[in-house]
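Participant: Need a 3D model of the sequence below.
(chains A and B)
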Amino acid sequence: MSPNTARRKQSRRPRQAIPKAPTGVVGLDEITGGGLPAGRPTLVCGAAGCGKTMLAVEFIVRGATQFGEPGVFMMFEENAEELTQNVRSLGFDLNRLVATKKIVLDHVRIERSEIQESGEYDLDGLFIRLGHAVDSIGAKRVALDTLEALFTGLPNHAILRAELRRLFRWLKDRGLTAVITGERGDNALTRYGLEEYVADCVILLDHRITEQVSTRRLRVVKYRGSLHGTNEYPFLIGDNGLSVLPITSLRLDHSAPNRRISSGIPRLDQMLGGKGYFRGSSVLVSGSPGTGKSSSGAQFIDAACRRGERCLIFAYEESPEQILRNMRSIGLDLRRWLHDGRLEIHASRPTLHGMEQHLVMMHDMVRAFRPSAVLVDPISNLSFDHRESQIKPTLMRLIDFLKQQEITALYTSLTTGQSGVSVEDSQIGISSLMDTWLLLRNVEHNGERNRTLYILKSRGMAHSNQIREFVMTRHGVDLVEAYVGPDAVLTGSARVAKESQDRSVESARRLAHRRKLTEVTRRRKAIEAQIASLQAEAAAEAEEMNALAAQEEAATEARRRSVVAMSKLRNGGSRS
Amino acid sequence: MAKPGKSAKRPKDKAIWALRLYVAGQTPKSVAALNNLKRICESHMAGRYRIEIVDLLLNPRLAAGDQILAVPTLVRKLPSPMKKIIGDLSNEERVLVGLDVQPAD
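Facilitator: Sure thing, here's the model as predicted:
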């Protein structure tokens, strides 16, 4: 976290009960709600080698460099040169800070063998030293590392305890924000019970080895007058100092962008409501080995690069070269994106570090590269050898972190083929954190293995419930509608066979249809011919009828004439 | 505070004790320490010692040099090795052991 954001957060909470001094340690200020109690001492305890000194140094250095609060580092074990060397690897240049009067390093050496006690004394010498160092640079912060060395150096513990009580009072009276480190005791927080003097804030550090993986953990045991995260949080000492890892987990307030981005597979976009994933969402692609998880991830990254976005790939199974070669075989040329700086591939063995270490590395890289899309391939490897209860919070932090940055993240996950565990159950408890979950499956049928894809869930969009066949071509990954018949869902050659079978049935049907059509036409033509001949016949009959009528008329006329003539003849003869 | 007192006598003996007493102001403990120291020196190292008094309230930066935590602290600068005795020096026997001085009697 940058100092600016840290300071902004600080000022965003004006109602906090007690003033706080930000440590600048990544994550710690989130847990404590702004930092350590200002003007009061804080006890940091833990066993040897758990990072007490580092925390104290970082508190002083960040105070001096980022928050304008000079600090005094009083050490009782290491000397100034050793300390300077030890923290140089974290990028802290103590010599420069000393030269510019930002900090004072004071090594208090107590040699038991040199000291003889005779009568009453007090620790005014220490007070004067500390006071002088504080005054010389106007310090606001003090670290005492490790005060318990006094107990081994000074035999009279009764005097020492009284003086320590006075010391903490003195620190408070001067308004100094102090970090006091103490060695972890057997049954108490510290070996000499320092916690009884420092009542305001106690932070416990722990270094544990579980199943050969070491994890450092931090817990705020108490924080008087303030809310604080009470869990144990993993932390690391990385290249930039300490990082406590709940970077965002105390809140659930990331924004939800409405913009959509392509999954890189047009037909998958169709299935996802026609537009693809939401920007800034988390996508889980799970499946058994060889179902095409990496390829669909690469396709997504390729599409993002094509749009000109910056992308980051965390690979835990293949080397970058191997990824480039393999993806070229399905027509994805990732190398050109690598060359023009849009794409970065980080490949490492998941077993190289502990889980937390990986996550801090990922955080650092994401912060440095500022990608808009991230591929983690596969996320299931990160959980290798870890117990589930430990993975989930840590993964949640990663997922939260990426969401907070509005980075679209695609995680592939290998599902184990354990019997009795359904795919939905084998997702190491992270599926509930995912916005979109694609499931890739092998379908074995008819002597071959085919890939299918379906959308198990996709929050906030209407998505298809159909199973699609997932095919890898020379031009990338594509989806084909699987053959969904009454008997089964068919894929691969079975689908092709079924489809061609369907085609031949269809063509036979067409042929029959055509034949029937011709037949009907022929018959119709025959009928038409018949109709024509009958009509001709009818016409002939009509003519005949006309002829008969004319004949009849002529005959009638002729008969009438002959009657007239005959009567004329009869009448003329008798009268004459 | 008492003047930085140095025993003016030149020692006949080779052994010289160069002693420095760190105090913080004139507290009862520092007054007692100085008185005790003078008495012990006179009775066991007469003429063979030098006492320098450093008041840390006046010279706070000097506390770091001799690694002073407790007050009062008596530092044996010479003979080497350096030794420290903390407290008001009321236990004479311990002071002598601390300074590695053979009692005069």
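
Participant: and A:P350, what pLDDT?
Facilitator: In this model, A:P350 is scored at 69, pLDDT.

Participant: Please apply the same query to A:G429.
Facilitator: 63.

Participant: A:G354 too?
Facilitator: We have a pLDDT of 67 for A:G354.

Participant: Could you look up the SS state of the nearest residue to A:C305 once chain neighbours are set aside?
Facilitator: Closest residue to A:C305 apart from its sequence neighbours, by C-beta to C-beta, 6 or more residues apart in numbering or on different chains: A:W337 at 4.1 Å. Just so you know, the C-beta spots here come from the backbone N, C-alpha and C atoms, and that holds for glycine as well. What DSSP: H, G, I helix; E, B strand; the rest coil gives for A:W337 is helix.

Participant: Please tell me how far A:W337 sits from chain B.
Facilitator: Per C-beta to the nearest C-beta, to the nearest Å, A:W337 is found 58 Å from chain B.

Participant: Pull the contacting residues for that residue.
Facilitator: Under the criterion of C-beta atoms under 8 Å, 6 or more residues apart in numbering or on different chains, the contact list for A:W337 reads A:302, A:305, A:311, A:343.

Participant: The same query, at a cut-off of 10 Å, please.
Facilitator: Taking C-beta atoms under 10 Å, 6 or more residues apart in numbering or on different chains as the criterion, A:W337 is in contact with A:301-302, A:304-306, A:308-311, A:343-345.

Participant: cool, A:G131 as well?
Facilitator: For A:G131, the contact set (C-beta under 10 Å, 6+ apart) comprises A:72, A:124, A:170, A:174, B:56-57, B:60, B:63.

Participant: Next, A:H358: secondary structure please.
Facilitator: Secondary structure for A:H358, judged by three-state DSSP, is helix.

Participant: Verify the stated contact: it with A:T394.
Facilitator: Yes: with contact defined as C-beta atoms under 10 Å, A:H358 counts as touching A:T394 (8.9 Å).

Participant: Now for A:A409, how many residues are close by?
Facilitator: 27 (other C-beta atoms under 10 Å in any protein chain shown).

Participant: Would you tell me what helix or strand it is located in?
Facilitator: Assigned by DSSP states H and E, A:A409 belongs to strand A:408-414.

Participant: The helix or strand just after that strand pairs with which strands?
Facilitator: Using DSSP H and E, the helix or strand that follows strand A:408-414 towards the C-terminus is strand A:436-445. Applying DSSP bridges, strand A:436-445 is found paired with strand A:282-287 (parallel), strand A:448-458 (antiparallel).

Participant: Please produce TSV containing those strands, extended by distance to A:T181.
Facilitator: As requested, the strands paired with strand A:436-445 are exported to TSV (distance: least, C-beta to C-beta, whole Å):
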stretch	distance to A:T181
strand A:282-287	39
strand A:448-458	48
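
Participant: Check these for me and report the most buried one.
Facilitator: For the strands paired with strand A:436-445, the largest average neighbour count (mean count of other C-beta atoms under 10 Å in any protein chain shown) is found in strand A:282-287, namely a mean of 25.

Participant: Render the CA-only coordinates of that strand in CSV, please.
Facilitator: Below are the C-alpha coordinates for strand A:282-287, written out as CSV (Å, rounded to 0.1, in the frame of the first residue of the first chain):
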residue,chain,number,x,y,z
SER,A,282,-13.6,-13.9,-10.8
VAL,A,283,-14.0,-16.8,-13.2
LEU,A,284,-13.2,-20.3,-12.2
VAL,A,285,-12.6,-22.9,-14.9
SER,A,286,-12.5,-26.3,-13.5
GLY,A,287,-12.1,-29.7,-15.0
